[in-house]
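**Student:** sequence and predicted structure below; questions after.
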Amino acid sequence: MARPKNDQEFDIVLVGATGYTGKLTAHHIARNLPTNLKWAIAGRSRTKLDTLAEELNRISQDRLQPGIEVVDVEDTVQLTALVARAKVCISVVSYNEVGANVIEACIQSRTDYVDTAGSVTHLRGWIDKYHHAAEQGGVAIITSCGNYSAFQDLLTWLSVNELAKTSSLKTKEVIMSILRMPADPSGGTVKSMLGRTRLDPTTMQESQGPWYLSPVKGQEYVKAANVFGIRHDPILGTLSPSSFSDLQNRAVVHRTWGLLDGGNYYGRNFRYSEYNKVSSTIAGIVDILKSKGIKLMFTLPPLRVIAKMILPKPGDGPDVEKEKNAVVDMEAIALADSMDGDSSAKVHARMRFSGGPYTATAAFLAQGAASLLYTRKLERGSEGGLLTPAFLGADLVERIQGVGAELEVKVL
């Protein structure tokens, strides 16, 4: 059981507040969380923190202004002392380099935690090292709570639950179709992607397995697609296996599956498949080639040099106004695990968010922290561990709907 957290100085501390995503998260908190929230912004540079604090004051002068905390995340004593003063920590640091330090500090101080880490190899290492300690300590460590993979994890969770409620059937497959997803990266994302390509070939191959993050292994399966990997669904249309985040999202969703009653909650035969929606097979092939070209840019040494030169540096990112006016949109079909084949029950779910990927990530981080702070009702009675966004369940869904997400779930 987590200890009572009634005497902390801060409700929420945002670590890494002055980076691109950190600033967006701070802005979201200032605009959307309760005005009596006691919170702090933390980072290395006092100058940058002061500038951010001025921005936040202009956004909302009638709320409690955040404390300003200068912290060196590599100084674990200093970091733990800061985190211990908060009930919930939002981490927007360089996960590849110092992400583990923040998790360790939170477990040691019994402070709940949320981040948007996406590298499955880093997540695997964190799971192996910290899941048991967090579980025993009653500390909720919610990872991947951003544009990748919160939408996908929650939409899957909603679809599975609706199918079970309306048909009493388990789910065989959730097919996710990405309708709109702007692809402009931030400097932090670029740095993270460049870091992943330094992994050894064996680790890279293992990390692409569908059950890489799950505590239990699911059933082997063959994808229902043509020779190019393109799939035609009667409801979703033509689907291309070119989603840039499909492996990460699949790994996270499958971890949710494995953590919930050892896979029995969703169903023993469950699997998650993700695609981009395209207009035709030809368009799908072009999309595949484009995706592979982007991945090569982060893999081949000469192209990596070019990527470092032309892509955003840490702290930079897409134009903020362009981000605010963008849209993230996706839909999914949940197929029942029954003997009826194509005539079996299906659920269609769609989520549309008014804002780009980084605006969505800021919303998920802030609202995920708010869910832990004000509600903390984790799925299936869980008290702690390295968990996924779906463990925040209906409360996080409602909070995201309150800040720009449109949701539709229906039985077909």
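**Tutor:** Yep, it's here. This is a predicted model, so every value here is computed, not measured.

**Student:** quick one: contacts of stretch 89-100?
**Tutor:** 12-17, 19, 21-22, 25, 73-74, 83, 102-103, 105-106, 111-117, 119, 122, 125-126, 129-130, 188, 191-192, 195-196, 314, 365-366, 368-369 (Cβ atoms under 8 Å, 6 or more residues apart in numbering). Bear in mind the C-beta positions are built from the backbone N, C-alpha and C, glycine included.

**Student:** in that stretch, which residues are buried?
**Tutor:** For stretch 89-100, burial by neighbour count (16 or more other Cβ atoms under 10 Å) applies to 89-93, 95-96, 98-100.

**Student:** which of those sits closest to Glu398?
**Tutor:** Of all the buried residues of stretch 89-100, Glu398 sits closest to Ile90, with 19.3 Å by Cβ to Cβ.

**Student:** Thr328 in helix, strand or coil?
**Tutor:** Slight slip there: residue 328 is Val, not Thr. strand (DSSP: H, G, I helix; E, B strand; the rest coil).

**Student:** before we move on, back to that, from the buried residues of stretch 89-100, which is closest to Trp39?
**Tutor:** Ile90 (9.3 Å).

**Student:** ramachandran angles for the closest one?
**Tutor:** Dihedral pair for Ile90: phi -100, psi 120, per degrees, to the nearest 10.

**Student:** how far does stretch 283-299 sit from the chain's center?
**Tutor:** Centroid separation for stretch 283-299 versus its chain: 23 Å, with Cα atoms, centre = their mean, to the nearest Å.

**Student:** do stretch 21-33 as well
**Tutor:** The answer for stretch 21-33 is 17 Å, by Cα atoms, centre = their mean.

**Student:** domain-wise, how is the chain divided?
**Tutor:** Here the domain parsing of the chain from automatic domain parsing is 10-147+362-392, 150-356+405-411.

**Student:** look at the closest residue to Met181 other than its chain neighbours and say how many residues are nearby.
**Tutor:** In space, and not counting its chain neighbours, Met181 is closest to Val328: 5.9 Å by Cβ to Cβ, 6 or more residues apart in numbering. Look at Val328: counted by other Cβ atoms under 10 Å, it has 23 neighbours.

**Student:** with Glu323 instead?
**Tutor:** 21.

**Student:** relative to Ala360, how far out is it?
**Tutor:** 9 Å (Cβ to Cβ, to the nearest Å).

**Student:** again with Thr299
**Tutor:** 27 Å.

**Student:** between these two, point out the one with more neighbours.
**Tutor:** The neighbour count for Thr299 versus Ala360, taken as other Cβ under 10 Å, is higher for Ala360 (27 against 16).

**Student:** how about the helices in this protein?
**Tutor:** In the chain, the segments counted as helices under DSSP state H are 20-32, 46-59, 76-83, 95-109, 120-137, 150-167, 187-196, 201-207, 246-259, 281-297, 301-310, 320-325, 357-374, 393-401.

**Student:** how about residues contacting the third one?
**Tutor:** With Cβ under 8 Å, 6+ apart as the contact definition, helix 76-83 has outside contacts at 13, 15, 40, 42, 69, 71-73, 89, 101-102, 104-106, 108-109, 111.

**Student:** and if we set it to 6 Å?
**Tutor:** With Cβ atoms under 6 Å, 6 or more residues apart in numbering as the test, helix 76-83 has contacts from 69, 71-73, 89, 101, 105-106, 108-109, 111.

**Student:** quick one: average confidence on stretch 379-386?
**Tutor:** Regarding stretch 379-386, the rounded mean pLDDT is 96.

**Student:** now stretch 394-412
**Tutor:** Mean pLDDT, computed over stretch 394-412, is 97.

**Student:** likewise stretch 65-84?
**Tutor:** Here the average pLDDT along stretch 65-84 is 97.

**Student:** again with stretch 313-329
**Tutor:** 87.

**Student:** name the helix or strand of this structure that has the lowest mean pLDDT.
**Tutor:** helix 187-196 (a mean of 69; mean pLDDT, DSSP states H and E).

**Student:** pLDDT score for the closest residue to Gly404 other than its chain neighbours?
**Tutor:** In space, Gly404 comes closest to Ser354 once its chain neighbours are excluded; the distance is 4.2 Å by Cβ to Cβ, 6+ apart. If you check Ser354, the pLDDT there is 95.

**Student:** could you count how many residues lie near Ser354?
**Tutor:** So Ser354, with other Cβ under 10 Å, has 17 neighbours.

**Student:** that one contacts Val403, correct?
**Tutor:** No: in terms of Cβ atoms under 6 Å, Ser354 does not count as a neighbour of Val403; the distance is 9.0 Å.
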